[in-house]
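Q: dropping a prediction and its sequence here:
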Amino acid sequence: MMNEEPVMEEGSNVSQSNAQRATSAHCATNGSERRFAAVERDVAVIGSNYATKEDLVKLESRVQDRLSRIESGMAGIENRLVRWYFGTSVALVALVFSIGKLMQ
């Protein structure tokens with residue numbers, strides 16, 4: 001009692017197997033097309049995330065601009081600190097001399 005396919009007329013059996021092949025080929029093509037579309041979509045997403053040379057040049061110029069602004073700001077702060085230290089030193093020297101005069 002094995003599972004055997006019923007035997008049909010020879011012509012209908014051939015047409016049925018051709019129909020099955022066509023259906024399975026269509027399903028395989030449809031599945032392949034869907035997978036190919038998914039791969040294309042993934043590649044497009046990956047490609048959109050890449051930086052071009054032009055993007056890198058723009059980024060480099062923005063970074064250089066910001067660094068130059070930071071450096072000029074630091075130079076201004078350095079000048080203010082030097083003046084503050086010098087003024088504090090002069091004030092301390094004057095205070096020491098004043099205390100020295102008062103103690104005599």
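A: Right, received. Where do you want to start?

Q: which residues in the chain form helices?
A: In the chain, the helices defined using DSSP state H lie at 10-49, 53-103.

Q: what average pLDDT does the shortest one get?
A: Read that as helix 10-49. Taken as a whole, helix 10-49 has an average pLDDT of 71.

Q: hang on, the earlier thing: need the helices of the chain in JSON lines (columns: mean neighbour count).
A: Backbone N, C-alpha and C define where each C-beta goes, glycine included. JSON lines is the format used below for the helices of the chain (neighbours: other Cβ atoms under 10 Å):
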{"stretch": "helix 10-49", "mean neighbour count": "10"}
{"stretch": "helix 53-103", "mean neighbour count": "10"}
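
Q: for Thr29, see how far away the residue sitting furthest away from the middle of the chain is.
A: Among residues of the chain, the one most distant from the C-alpha centroid is Gln104; the distance is 73.2 Å, by Cα atoms, centre = their mean. Plainly put, Gln104 is 109 Å away from Thr29 if you go by Cβ to Cβ, to the nearest Å.

Q: kindly report the same for Tyr50.
A: From Tyr50 to Thr29 the distance is 31 Å (Cβ to Cβ).

Q: likewise Gly87?
A: 85 Å.

Q: can you give me the domain boundaries for this structure?
A: With domains defined by automatic domain parsing, the chain comprises 8-50, 51-104.

Q: now for the residue farthest from the centre of the chain: which residues touch it?
A: Shown here is Gln104, which makes no contacts under the criterion Cβ atoms under 8 Å, 6 or more residues apart in numbering.

Q: then Glu40?
A: Listed by Cβ under 8 Å, 6+ apart, the contact set of Glu40 is empty.

Q: between the two ends of stretch 44-64, how far is it?
A: 31 Å (Cα to Cα, to the nearest Å).
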